[in-house]
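[1] turn this into a structure:
(chains A, B, C and D)
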4 protein chains.
Amino acid sequence: MDNTLKEKIFNLLGKDTAASNLNIKLVEIDNGTAIAKMEVDERHMNGLGTVQGGVLFTLADFACAAAANSQGKIAVSLNANINFVKAVNSGTLTATATEMYLRRTVGGYNVDVRDEEGELVANFQSTSYRKDPK
Amino acid sequence: MDNTLKEKIFNLLGKDTAASNLNIKLVEIDNGTAIAKMEVDERHMNGLGTVQGGVLFTLADFACAAAANSQGKIAVSLNANINFVKAVNSGTLTATATEMYLRRTVGGYNVDVRDEEGELVANFQSTSYRKDPK
Amino acid sequence: MDNTLKEKIFNLLGKDTAASNLNIKLVEIDNGTAIAKMEVDERHMNGLGTVQGGVLFTLADFACAAAANSQGKIAVSLNANINFVKAVNSGTLTATATEMYLRRTVGGYNVDVRDEEGELVANFQSTSYRKDPK
Amino acid sequence: MDNTLKEKIFNLLGKDTAASNLNIKLVEIDNGTAIAKMEVDERHMNGLGTVQGGVLFTLADFACAAAANSQGKIAVSLNANINFVKAVNSGTLTATATEMYLRRTVGGYNVDVRDEEGELVANFQSTSYRKDPK
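    Numbers count the residues shown, from 1 in each chain, chains lettered A, B, ... in the order given. Take a look at the predicted model:
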């Protein structure tokens, strides 16, 4: 994909303080795909001592936002669905976003969150609304 | 509901560092229902300057966790669905969780997140898995 | 709402053979809302002798389609989420669709499916894509 | 998998009149997986002349039910999420269900519905509740 656009998305997502406060990092981005990573630490825990569902959602949604914004329009999430497959409490998690479909004003994305062994931790789907940049 | 259980849930959710780092507070809890609040601040923003979807999810999921744990079993989310209805960037958000159904090992919850004017910001549904406390 | 549009939607949904084969009937429609009914019969059963999930989905989606098309654009479902709350095997089911939000090209709808006692049987949310009629 | 159990599931799903009225056929089943097929015909259409969302849901849910029942317990859907990716109006559709996770009383399934060219038509996820057969 175009380097100017890539830089623009890295800048946009770099201003996402909710993600940066959780140490979520954008690693790769290309047309309709993106990869984000997060090393689990004490900020991420629920009352049971495992990574909180909202944190897993934020990681998945962040990778999704990168993929959805890679197609040259501003994309915002309309809705999302997440399945919590495996509880984790350490290691680095990798969220891989891929495009399921792309129409003029909407796009659909799937995100798999996996642990270091490649096991599925959470599975996420989202619909984005796309508008032309002003 | 029983005060000992209520205290136990406040303690459990008080250990949720992901929620407390976002200033999410449990306000009320009763059998199958709960209310949580969050005053929007600069920690909550996405790259577009509005409250990030993962933050709204975390607020909704937190209220849901309180409601789901109010019935005397340990409840963990299996999955959740969220609709983002209105973008917000300030004020106090209120998440109200109600029980849609309760079976022996699963429960279904709806959460509405509203702004100070009572307008719907996000709508969330989740299925919880319930196990007996050890 | 406008009577010409109302008639147009009744005509459009009257051509839905999948719904008419299940005896699903559109009862009411207004701006952003619609009601559909279905009397349970032997066509609707799964292998366990209760109304099949796909039939409940079809009923909910039909009411949703009516509500979504009530706003003067052609609306098609992008995705939907359904919770199965109560198993039923007889009686008349009523699906009530309401609009959660409406933007230029997308709309969000909630549908409650209830039995004759008013108890919740299924709860459904959907996002529609809206395009101008040719 | 065990042939007695396989036969039992084919029998159970053979009694699903909602599916058989749509000409949905169970083709394969194994531990945690199943394949169902449906040749598109005039029974499946919505008012716009494409296969209705409820029909695609029923096909996906049927494959899911087979996969979920393949593990020796009675499984019923708690909820499901479907993304409509591509409109179709002819040909044979294939739904392939795979298990995302399996716990004692719940299981999670993904179903891809594809056309004859292998293109994704719909993508479905569901959570099943599992109980011991009486």
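[2] could you list the low-confidence segments of chain A?
    Low-confidence segments of chain A (pLDDT under 70): A:134.
[3] what parts of it come near chain B?
    With C-beta under 8 Å from any C-beta of the partner chain as the criterion, chain A meets chain B at residues A:11-19, A:21-22, A:42-49, A:52-55, A:57-59, A:61-62, A:65, A:74, A:76-84, A:87. Any C-beta I mention is one placed from the backbone N, CA and C, and that applies to glycine too.
[4] now with 7 Å?
    By the rule C-beta under 7 Å from any C-beta of the partner chain, the part of chain A lying against chain B is A:12-13, A:15-18, A:21, A:42-47, A:52-55, A:57-58, A:61, A:77-84.
[5] from those residues, which land in strands?
    Among the residues of chain A next to chain B, the ones falling in strands (DSSP state E) are A:77, A:78, A:79, A:80, A:81, A:82, A:83, A:84.
[6] tell me what the fifth one is bridged to.
    When you say that, I think you mean residue A:81. Beta bridges link residue A:81 to residue A:125, residue B:81, judged by DSSP bridges.
[7] can you pull the contacts of it?
    By C-beta atoms under 7 Å, 6 or more residues apart in numbering or on different chains, the residues touching residue A:81 are A:124, A:125, B:79, B:81, C:81, D:81, D:125.
[8] helix or strand for the residue most central in space within chain A, which one?
    The residue lying closest to the centre of chain A (C-alpha atoms, centre = their mean) is residue A:63, at 2.1 Å. According to DSSP states H and E, residue A:63 maps onto helix A:53-69.
[9] again, but for residue A:75
    Using DSSP H and E, residue A:75 falls within strand A:74-84.
[10] so how far is that strand off the chain centroid?
    When distances are taken as C-alpha atoms, centre = their mean, to the nearest Å, strand A:74-84 is centred 9 Å away from the chain's centroid.
[11] in the next helix or strand after it, what counts as buried?
    Next along the chain after strand A:74-84, taking DSSP H and E as the criterion, comes strand A:92-102. Residues A:93, A:94, A:95, A:96, A:97, A:99, A:100, A:101, A:102 are the ones in strand A:92-102 that count as buried (16 or more other C-beta atoms under 10 Å in any protein chain shown).
[12] for strand A:92-102, which outside residues touch it?
    A:32-40, A:59-60, A:63-64, A:66-67, A:71, A:107-116, A:121, D:83, D:85, D:120, D:123.
[13] those residues in strands, which ones?
    Per DSSP E, those map to strands at A:33-39, A:107-114, A:121, D:83, D:120, D:123.
[14] list buried members of the residues you listed by neighbour count.
    Buried among those (16+ other C-beta under 10 Å): A:33-38, A:107-114, A:121, D:83, D:123.
[15] check these against chain C, which are close?
    Among these, proximity to chain C is found for residue D:83 (C-beta under 7 Å from any C-beta).
[16] what's around residue A:32, how many residues?
    When neighbours are counted by other C-beta atoms under 10 Å in any protein chain shown, residue A:32 registers 18.
[17] what residues are up against it?
    Contacts of residue A:32 by C-beta under 7 Å, 6+ apart are A:67, A:70, A:71, A:98, A:99, A:102.
[18] equivalent analysis for residue A:12, please.
    The contact partners of residue A:12, taken as C-beta under 7 Å, 6+ apart, are A:69, B:47.
[19] now swap in the one 10 residues further on and tell me
    With contact set as C-beta under 7 Å, 6+ apart, residue A:22 has these partners: A:38, A:43, A:44, A:55, A:58.
[20] farthest pair in these?
    A:43 and A:58 (11.2 Å; C-beta to C-beta).
[21] ok now stretch A:94-110, how far from the chain's centre?
    11 Å.
[22] chain D versus residue A:13, what's the distance?
    24 Å (C-beta to the nearest C-beta, to the nearest Å).
[23] pretty sure that residue sits against residue B:47.
    Yes - contact criterion C-beta atoms under 7 Å: residue A:13 and residue B:47 qualify, at 5.4 Å.
[24] these two: which is more packed in?
    Neighbours were tallied for residue A:13 and for residue B:47 using other C-beta under 10 Å; the higher tally belongs to residue A:13 (23 against 20).
[25] tally of neighbours for the residue of chain A found nearest chain C?
    Among the residues of chain A, residue A:105 lies closest to chain C, at 4.4 Å counting by C-beta to the nearest C-beta. Residue neighbour count, defined by other C-beta under 10 Å, stands at 18 for residue A:105.
[26] okay, the spatially closest residue to it that is not a sequence neighbour and residue B:88: tell me how far apart.
    Computed as C-beta to C-beta, 6 or more residues apart in numbering or on different chains, the closest residue to residue A:105 that is not its neighbour in sequence is residue C:105, at 4.4 Å. Counting by C-beta to C-beta, to the nearest Å, the gap from residue C:105 to residue B:88 is 21 Å.
[27] contacting residues around residue A:35?
    Contact analysis of residue A:35 by C-beta under 7 Å, 6+ apart lists A:27, A:28, A:63, A:94, A:95, A:96.
[28] which among these gets closest to residue C:133?
    Checking the contacts of residue A:35 against residue C:133 with C-beta to C-beta, the nearest one is residue A:63 at 36.6 Å.
[29] show the contacting residues for that closest one.
    Contacts for residue A:63 (C-beta under 7 Å, 6+ apart) come out as A:34, A:35, A:36, A:95, A:96, A:97, A:111.
[30] mind doing that once more with 6 Å?
    Applying C-beta atoms under 6 Å, 6 or more residues apart in numbering or on different chains, we find residue A:63 in contact with A:34, A:36, A:95, A:97, A:111.
[31] surely residue A:31 is in contact with residue A:5?
    No - in this structure residue A:31 lies outside contact range of residue A:5 using C-beta atoms under 6 Å: 9.5 Å.
[32] among the residues of chain A next to chain B, name the buried ones.
    With burial judged by 16+ other C-beta under 10 Å, the buried subset of the residues of chain A next to chain B is A:12-13, A:16-18, A:21, A:44-47, A:52-55, A:57-58, A:61, A:77-84.
[33] one step back: looking at the contacts of residue A:35, which is nearest residue A:133?
    Checking the contacts of residue A:35 against residue A:133 with C-beta to C-beta, the nearest one is residue A:63 at 21.0 Å.
[34] ok, the closest one to residue C:60 distance?
    Distance from residue A:63 to residue C:60, by C-beta to C-beta: 31 Å.
[35] for chain C, what are the nearby residues on chain A?
    A:78, A:79, A:105, A:106, A:127, A:129 (C-beta under 6 Å from any C-beta of the partner chain).
[36] and those residues, which two are furthest apart?
    Across the residues of chain A next to chain C, the longest distance by C-beta to C-beta is 14.8 Å; it joins A:79 and A:105.
[37] tell me which element residue A:4 falls in.
    With DSSP H and E as the criterion, residue A:4 is inside helix A:3-14.
[38] for that helix, buried residues please.
    A:9, A:12, A:13.
[39] would you agree the last one is in contact with residue A:26?
    This means residue A:13. Yes - using C-beta under 6 Å, residue A:13 is in contact with residue A:26, at 5.3 Å.
[40] tell me, how many residues neighbour the residue nearest to residue A:62 when sequence neighbours are not counted?
    If the residues on either side of it in the chain are set aside, residue A:62 comes closest to residue A:19, at 4.7 Å by C-beta to C-beta, 6+ apart. When neighbours are defined as other C-beta under 10 Å, residue A:19 has 27 of them.
[41] thinking residue A:90 is in contact with residue A:40, fair?
    Yes - between residue A:90 and residue A:40 a contact is recorded at 5.2 Å, counting by C-beta under 6 Å.
[42] neighbour count winner among those two?
    For residue A:90 versus residue A:40, neighbours defined as other C-beta under 10 Å are more numerous around residue A:40 (19 against 13).
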